[in-house]
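K.L.:
Build me a structure from this.
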Amino acid sequence: MTVSHQTSAAQADSALAEALDVHGGRQESSETYFQLVSRRFMRSRISLLGGLMILMLAILSIFSDFFSPTDPTEIDMQATFTPPQKVRFTNVEGGFSLRPFTYLQVYDFHPETLEPVWVDDESREYPVKFFVKGWEYKVLGFIPMDRHLYGVEDGGTVYILGTDKLGRDLFGRMCQAGRISLALSLFAGLISIAVGSVLGVISGYYMGWIDGLLQRFVEVVQSIPALPLWMALASVVPITWDPLLVFVIMASIFALIGWTVLAREVRGKVLAFRETDFILAAKEMGASDLRVIFRHLYPHALSHVIVVLTLQIPQIILAEAFLSFLGLGIQEPLISWGYLMRDSNSLETLGVNPWILSPAAFIVIAVLGFNFLGDGLRDAADPYATA
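P.N.:
Alright, predicted model coming up:
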């Protein structure tokens with residue numbers, strides 16, 4: 001009788017499930033967590049915009065040589081502080097051309113003030129060609145290549161953002177500098193996240209004297225002024241060290257203090273969940289502390305980790321730009337966006353050559369992009385958000 005009753009109940013449940021499927025009334029989704037996060041993220045247009053901004057900067061940085069018509073490390077003293085060139089479609093006679101072209105810029109004197117100025121030499125047009133052969137480089141450091149997105153014939157130039165004080169193409173150097181600025185901020189952010197999240201979980205899970213000791217250590221680190229400490233540590237890094245070692249040291253300096261905020265965030269999240277039913281059940285089933293921490297507790301703090309990471313990266317970008325602008329951060333042969341802005345530290349130079357401030361645009365785009373992206377990831381990863 002009992003078996004017959006259970007069979008009838010199972011058949012009824014099966015029939016109900018089939019009816020719900022037919023009429024589209026199934027209320028539970030079969031989506032995995034990552035599918036659910038992806039679907040929530042794709043709904044946010046501002047987050048997609050932020051992702052596209054970061055993707056654009058990453059592509060320009062990784063393939064900077066491809067986007068540079070001239071070698072960004074080649075010095076040309078005859079092109080010092082050349083203003084941005086106009087890409088034209090009409091010539092001086094009013095004729096229209098489907099192929100864009102530029103005029104060579106030459107140094108001349110203003111007829112009234114006799115001040116030196118750059119003027120267009122309209123005697124010859126230099127067509128802008130795409131996927132042209134140029135100086136040789138290596139894609140990703142090991143694939144030889146000599147193709148570039150655009151360029152002009154020998155004798156012409158196409159400096160879309162002008163040149164620096166040594167006559168080097170500023171746009172190419174800005175793309176190249178993105179490698180260091182983005183990689184340094186991401187590497188430092190990951191170090192900060194790894195240290196802060198682990199210490200925060202341990203502090204909140206074990207409590208007692210471990211929690212007290214770790215929180216006192218966090219308070220001591222937070223009491224140290226960040227900017228003076230960064231400046232002091234960055235100033236003692238010898239410029240003669242290997243560039244890779246300097247990169248690692250600078251990333252460690254920026255991550256030295258930033259982990260404390262995340263440690264407090266994760267600790268509070270773990271304290272809220274450590275006495276919940278699913279954690280107690282996991283312990284009763286014999287789960288080890290490591291399994292409870294990293295399989296059950298840490299995923300519930302993931303949204304906080306993402307938020308802090310996306311806020312940490314822009315802060316590191318700004319801090320590195322500030323130190324490099326002062327001459328205490330990245331040094332040649334490494335270059336960053338902050339280092340490129342060192343040419344604008346003189347108001348006189350900036351007033352005459354305002355285009356040298358253009359690396360600031362890349363910094364603004366990166367900061368906004370990470371903030372937009374972080375907002376979307378935070379909302380998508382929140383397990384309590386409505387799907």
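
K.L.:
any chance you could map the strands in the protein?
P.N.:
88-90, 96-109, 116-127, 129-139, 143-151 (DSSP state E).

K.L.:
Which residues does the last one contact?
P.N.:
When you say that, I think you mean strand 143-151. 65-70, 128-139, 158 (Cβ atoms under 8 Å, 6 or more residues apart in numbering). Where you see a C-beta, it was placed from the backbone N, CA and C, and this is true even at glycine.

K.L.:
Would you tell me which helix is longest in the protein?
P.N.:
Secondary structure of the chain per DSSP state H: the longest helix is helix 170-206.

K.L.:
before we move on, the earlier item: the strands of the chain: which one's closest to residue 236?
P.N.:
strand 129-139 (33.4 Å; Cβ to Cβ).

K.L.:
What are the buried residues along the closest one?
P.N.:
129, 134, 137 (16 or more other Cβ atoms under 10 Å).

K.L.:
ok, those residues vs residue 59, which is closest?
P.N.:
The closest of the buried residues of strand 129-139, once distances to residue 59 are taken by Cβ to Cβ, is residue 137, at 15.8 Å.

K.L.:
could the buried residues of strand 129-139 go into JSON lines alongside distance to residue 214 and pLDDT?
P.N.:
Shown next, in JSON lines, are these (distance: Cβ to Cβ, whole Å; pLDDT from 0 to 100):
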{"residue": "129", "distance to residue 214": "61", "pLDDT": "89"}
{"residue": "134", "distance to residue 214": "55", "pLDDT": "83"}
{"residue": "137", "distance to residue 214": "48", "pLDDT": "86"}
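
K.L.:
Reformat the residues you listed into CSV and put distance to residue 83 next to each item.
P.N.:
Output for the buried residues of strand 129-139, formatted as CSV (distance: Cβ to Cβ, whole Å):
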residue, distance to residue 83
129, 22
134, 22
137, 26
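
K.L.:
Which one of those is nearest to residue 162?
P.N.:
residue 134 (19.1 Å).

K.L.:
who's in contact with the closest residue to residue 343 other than its chain neighbours?
P.N.:
Leaving aside its sequence neighbours, residue 343 sits nearest to residue 356 (Cβ to Cβ, 6 or more residues apart in numbering; 4.7 Å). By Cβ under 8 Å, 6+ apart, the contact set of residue 356 is 81, 162, 164, 170, 340, 341, 343, 344, 349, 350.

K.L.:
Could you tell me how far residue 356 is located from residue 366?
P.N.:
19 Å (Cβ to Cβ, to the nearest Å).

K.L.:
Kindly report the same for residue 181.
P.N.:
7 Å.

K.L.:
ok, now residue 291?
P.N.:
In terms of Cβ to Cβ, residue 291 sits 38 Å off from residue 366.

K.L.:
who's more crowded, the two?
P.N.:
residue 366 (24 against 14; other Cβ atoms under 10 Å).

K.L.:
Quick check, that one in contact with residue 186.
P.N.:
No. Residue 366 is beyond contact range of residue 186, at 10.7 Å (criterion: Cβ atoms under 8 Å).

K.L.:
burial count for the nearest residue to residue 109 once chain neighbours are set aside?
P.N.:
What sits nearest to residue 109 in space, not counting adjacent residues and going by Cβ to Cβ, 6+ apart, is residue 116, at 5.9 Å. As a burial measure, residue 116 scores 9 neighbours (other Cβ under 10 Å).

K.L.:
Residue 183 now?
P.N.:
16.

K.L.:
Could you do residue 331 as well?
P.N.:
20.

K.L.:
Could you tell me the phi and psi values at it?
P.N.:
phi -130, psi 160 (degrees, to the nearest 10).

K.L.:
Which of the strands of the chain sits closest to residue 203?
P.N.:
Nearest of the strands of the chain (Cβ to Cβ): strand 129-139, 45.1 Å.

K.L.:
Check the offset of the closest one from the chain's centre.
P.N.:
Counting by Cα atoms, centre = their mean, to the nearest Å, strand 129-139 is centred 26 Å from the centre of its parent chain.

K.L.:
As PDB, could you dump the C-alpha coordinates of stretch 83-100?
P.N.:
As requested, the backbone C-alpha atoms of stretch 83-100 are provided in PDB (Å, rounded to 0.1, in the frame of the first residue of the first chain):
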ATOM      1  CA  PRO A  83      51.600  69.500 -32.700                       C
ATOM      2  CA  PRO A  84      48.900  66.900 -33.600                       C
ATOM      3  CA  GLN A  85      48.500  66.600 -37.400                       C
ATOM      4  CA  LYS A  86      45.200  66.900 -39.100                       C
ATOM      5  CA  VAL A  87      44.100  64.000 -41.200                       C
ATOM      6  CA  ARG A  88      42.400  65.600 -44.200                       C
ATOM      7  CA  PHE A  89      40.000  64.700 -47.000                       C
ATOM      8  CA  THR A  90      40.100  68.000 -48.800                       C
ATOM      9  CA  ASN A  91      43.200  69.800 -50.200                       C
ATOM     10  CA  VAL A  92      43.900  73.600 -50.300                       C
ATOM     11  CA  GLU A  93      42.100  73.800 -53.700                       C
ATOM     12  CA  GLY A  94      38.900  72.400 -52.200                       C
ATOM     13  CA  GLY A  95      39.300  69.000 -54.000                       C
ATOM     14  CA  PHE A  96      37.800  66.000 -52.100                       C
ATOM     15  CA  SER A  97      39.700  62.700 -51.800                       C
ATOM     16  CA  LEU A  98      38.300  59.400 -50.500                       C
ATOM     17  CA  ARG A  99      41.800  58.500 -49.200                       C
ATOM     18  CA  PRO A 100      42.800  60.600 -46.200                       C
END
